[in-house]
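Colleague: Structure, please.
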Amino acid sequence: MVIWIYMSSEIKFENHKIPEEIKNTGKVKLTDLVSRLNEEKKREKNSNIALSVAAISAVTVFGIILSI
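Modeller: Predicted coordinates for the structure are as follows:
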């Protein structure tokens with residue numbers, strides 16, 4: 001049985017996809033990096049919102065069950 005322990009930054013790094021033009025030339029455009037950063041922030045914000053909604057829903061359901 002193998003147990004893998006990852007730090008959050010390692011998981012995020014594994015999910016990155018490197019565009020073909022960067023692999024071939026070795027050059028990186030600043031605008032590409034900024035746009036990728038903004039896209040990642042949007043995804044992280046959406047996942048944080050979803051997690052918050054799930055937590056609030058769970059607390060609400062638990063409160064309703066306790067009040068019955």
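Colleague: for the helix or strand containing Ile56, what is the average pLDDT?
Modeller: Assigned by DSSP states H and E, Ile56 belongs to helix 30-67. The average of the pLDDT scores along helix 30-67 is 95.
Colleague: by contact count, what packs against that helix?
Modeller: The helices and strands touching helix 30-67, judged by 3 or more CB pairs under 8 Å, 6 or more residues apart in numbering; DSSP states H and E, number zero. C-beta: built from backbone N, CA, C; applies to glycine.
Colleague: If you count neighbours, what's buried in that helix?
Modeller: Within helix 30-67, no residue is scored as buried using 16 or more other CB atoms under 10 Å.
Colleague: tell me the contacts of Ile68?
Modeller: Contact partners of Ile68, counting by CB atoms under 8 Å, 6 or more residues apart in numbering, are absent.
Colleague: quick one: it from Leu37, how far?
Modeller: 47 Å (CB to CB, to the nearest Å).
Colleague: next one: Val59
Modeller: When Val59 is compared with Leu37 (using CB to CB), they lie 33 Å apart.
Colleague: Ok, Thr60 next?
Modeller: Separation of Thr60 from Leu37 (CB to CB) stands at 35 Å.
Colleague: same deal with Thr31?
Modeller: 11 Å.
Colleague: In contact with Glu40, which residues are there?
Modeller: Counted by CB under 8 Å, 6+ apart, Glu40 has zero contacts.
Colleague: Quick check: the gap between it and Ser47.
Modeller: 11 Å.
Colleague: With Lys27 instead?
Modeller: 31 Å.
Colleague: what's the answer for Thr31, then?
Modeller: On the measure of CB to CB, Thr31 and Ser47 end up 25 Å apart.
Colleague: repeat for Ala55
Modeller: Taking CB to CB, one finds Ala55 at 13 Å from Ser47.
Colleague: Likewise for Val59?
Modeller: Here Val59 is placed at a distance of 19 Å from Ser47 (CB to CB).
Colleague: Brilliant, that's me finished.
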